[in-house]
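# Kindly return the folded structure for what I paste below:
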Amino acid sequence: MRLLPIICLVCGLTGNLSSAVADQNDPRLSDLFAKLGEVSAPAEAASIESQIWAIWLETSDQAAASLLQTGLSAMSVNDHPAALKAFDRLVTIAPDFAEGWNKRATVHYLVGNLEQSLDDIATTISLEPRHFGALSGRGLVYVSLDDLGRALTSFEAALAVYPNMAGPRINAEAIRRILGEEI
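Predicted coordinates:
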């Protein structure tokens with residue numbers, strides 16, 4: 001099987017932590033997701049995306065915020081063992097915080113723990129069904145597992161939430177070409 005020409009990973013590694021109560025249950029998200037599905041300008045979509053990531057990263061739990069920041073810092077320097085340790089603790093103390101699961105899923109993907117990544121992605125999506133990063137990430141895992149049908153379904157699910165998201169769009173188009181060639 002031919003490898004996809006372009007694989008894009010959207011990790012959402014940036015975002016400001018805030019003392020406000022927020023996360024995937026924040027009421028601001030409904031309006032942002034409605035706008036995200038309607039805008040056609042990439043710059044406007046990117047601005048809305050940034051606002052969503054910032055909210056997903058917010059927590060009023062200081063221990064969770066500290067572990068999240070520790071994990072993000074470790075990820076930024078590719079210290080995957082330290083990132084996993086921080087995110088393992090984070091999901092233990094804050095099991096309803098979707099972004100903890102998503103970040104741990106990302107690290108699992110980066111180190112090749114694909115089944116663990118899929119498990120954490122499933123938890124992320126159960127907590128936040130609109131999590132376009134997790135939906136796209138699931139597509140990347142399925143590409144790594146050579147399951148292009150499920151990868152395409154995952155990228156299309158991400159695009160249903162965030163139509164202007166470049167990585168899933170590029171990857172879905174590439175998979176459609178590959179699958180069309182294999183028929």
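# What is the longest helix along the chain packed up against?
Determined from DSSP state H, the single longest helix within the chain is helix 166-182. If you count contacts as 3 or more CB pairs under 8 Å, 6 or more residues apart in numbering; DSSP states H and E, helix 166-182 packs onto helix 132-144, helix 148-161. All C-beta spots, glycine's among them, are computed from the backbone N, C-alpha and C.
# mind redoing it with 10 Å?
Secondary-structure packing of helix 166-182 (3 or more CB pairs under 10 Å, 6 or more residues apart in numbering; DSSP states H and E): helix 42-56, helix 132-144, helix 148-161.
# what residue lies at the spatial centre of the chain?
G133 (2.4 Å; CA atoms, centre = their mean).
# Was I right to think that residue contacts W56?
Yes. Counting by CB atoms under 10 Å, G133 does reach W56; the two are 8.3 Å apart.
# which neighbours do those two share?
Common neighbours of G133 and W56 (criterion: CB atoms under 10 Å, 6 or more residues apart in numbering): 12, 98-99, 102-103, 124.
# Among the residues you listed, which ones are in helices?
98-99, 102-103, 124.
# With respect to D31, which of the residues you listed is nearest?
Nearest to D31 among those, counting by CB to CB, is A98 at 18.5 Å.
# Local confidence estimate at that closest one?
A98 is assigned 95 on the pLDDT scale.
# Could you list which residues are in contact with it?
Residues in contact with A98, defined by CB under 10 Å, 6+ apart, are 23-25, 56, 91, 123-131, 133-134.
# biggest separation within the residues you listed, which pair?
V91 and R130 (19.6 Å).
# What's the per-residue pLDDT of S18 here?
If you check S18, the pLDDT there is 34.
# try D26
85.
# my guess is it meets F97, correct?
No. Contact criterion CB under 10 Å: D26 and F97 do not qualify, at 11.8 Å.
# how many neighbours does S136 have?
28 (other CB atoms under 10 Å).
# Now do the closest residue to it other than its chain neighbours against D23, distance only.
Counting by CB to CB, 6 or more residues apart in numbering, S136 lies nearest to A158, which is 4.2 Å off, once chain neighbours are set aside. Applying CB to CB, to the nearest Å, the value for A158 to D23 is 20 Å.
# More neighbours: which of the two?
Shown here are A158 and D23; by other CB under 10 Å, A158 has more neighbours (26 against 23).
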